[in-house]
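1. I need the structure of the sequence given here:
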Amino acid sequence: MNSPSVSENKPWWSYGHVWLVISGPVSVVLACIVTFYFIANSPNQIITGQDIEIENIKSAKIEGGDAPAMMARNHAATGVIPAPKTAPDAPK
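-> Below is the predicted model of the structure:
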């Protein structure tokens with residue numbers, strides 16, 4: 001009978017399943033390093049209430065249709081009540 005021997009003298013790196021087991025943790029560590037690099041090189045800026053009101057005014061002029069939704073989103077996120085809009089004076 002020609003049956004394969006259970007105890008072959010192969011080095012550990014020649015087995016495919018070893019690399020499958022090692023590749024999972026290595027990919028997670030690499031993903032953490034890349035994520036930390038992105039976080040460290042582009043931190044979020046701190047936005048104050050005044051900055052949000054200025055952004056609301058700018059977005060109302062640029063994005064006319066989305067301005068109410070943007071103002072409501074910013075109010076829900078920060079609690080800052082946007083200034084009411086006044087209608088322009090009618091020409092005489």
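
2. Could you check this structure and say which of its helices or strands has the lowest average pLDDT?
-> Sorting the helices and strands of the chain by mean pLDDT, DSSP states H and E puts helix 49-62 at the bottom, at a mean of 62.

3. After that helix, heading C-terminal, what element do we hit next?
-> Stepping forward along the backbone from helix 49-62, the first helix or strand reached (DSSP states H and E) is helix 67-78.

4. For that next one, C-alpha coordinates in CSV please.
-> Written as CSV, here are the backbone C-alpha positions of helix 67-78 (Å, rounded to 0.1, in the frame of the first residue of the first chain):
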residue,chain,number,x,y,z
ALA,A,67,-31.0,75.1,2.5
PRO,A,68,-34.0,74.3,4.8
ALA,A,69,-32.9,70.7,5.1
MET,A,70,-29.3,71.8,5.9
MET,A,71,-30.5,74.3,8.5
ALA,A,72,-32.7,71.6,10.1
ARG,A,73,-29.9,69.1,10.1
ASN,A,74,-27.5,71.6,11.7
HIS,A,75,-30.1,72.6,14.3
ALA,A,76,-30.7,68.9,15.2
ALA,A,77,-26.9,68.3,15.5
THR,A,78,-26.0,71.4,17.5
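
5. So which elements touch it?
-> With contacts defined as 3 or more Cβ pairs under 8 Å, 6 or more residues apart in numbering; DSSP states H and E, the secondary structure elements packing on helix 67-78 are helix 49-62. Heads up, the C-betas are built off the backbone N, CA and C, glycines and all.

6. got the domain boundaries for this structure?
-> With automatic domain parsing as the criterion, the domains of the chain are listed as 13-41, 49-78.

7. Out of the ones you listed, which gets the lowest mean score?
-> Ranked by mean pLDDT, the domains of the chain bottom out at domain 49-78, which scores a mean of 66.

8. list the contacts for Val28?
-> By Cβ atoms under 8 Å, 6 or more residues apart in numbering, the contact list for Val28 is empty.

9. For it, give me phi and psi.
-> Backbone geometry at Val28, expressed as degrees, to the nearest 10, gives phi -70, psi -40.
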